[in-house]
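1. could you work out the structure for the sequence below:
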Amino acid sequence: MAVAADPTGGIICFWQAKNHRGFGRVHEHGAVCWAELVTDDLARAGTFFTDILGVSTALMPMGDGVL
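-> Predicted coordinates:
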């Protein structure tokens, strides 16, 4: 396990699952249903997570703001 911070200060924990299904577990009791990042620099944080983890990012309109 490792703990790191993105360039905007967002904290993330990395964990080696071995035999645990982790995020591969969907539509089951106990599965992860939501993950989000709150930051004041979407471009920097998004680039960091895309480059490091190979994940995509998406903005979500939420009333008067964007998540």
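2. just the element for the nearest residue to Thr57 once chain neighbours are set aside, please.
-> Once flanking residues are discounted, Thr57 sits nearest to Gly46: 4.2 Å by Cβ to Cβ, 6 or more residues apart in numbering. (Glycine included, C-beta is placed from N, CA and C.) Element membership of Gly46, judged by DSSP states H and E, is helix 42-53.
3. helices and strands around the following helix or strand past that helix, which ones?
-> Next helix or strand after helix 42-53 toward the C-terminus (DSSP H and E): strand 61-62. Counting contacts by 3 or more Cβ pairs under 8 Å, 6 or more residues apart in numbering; DSSP states H and E, strand 61-62 packs against no other helix or strand.
4. how far is strand 61-62 from where the chain is centred?
-> 18 Å (Cα atoms, centre = their mean, to the nearest Å).
5. what does stretch 34-46 give?
-> Distance of stretch 34-46 from the chain centroid (Cα atoms, centre = their mean) equals 8 Å.
6. straight-line length of that stretch, end to end?
-> One end of stretch 34-46 to the other measures 17 Å (Cα to Cα, to the nearest Å).
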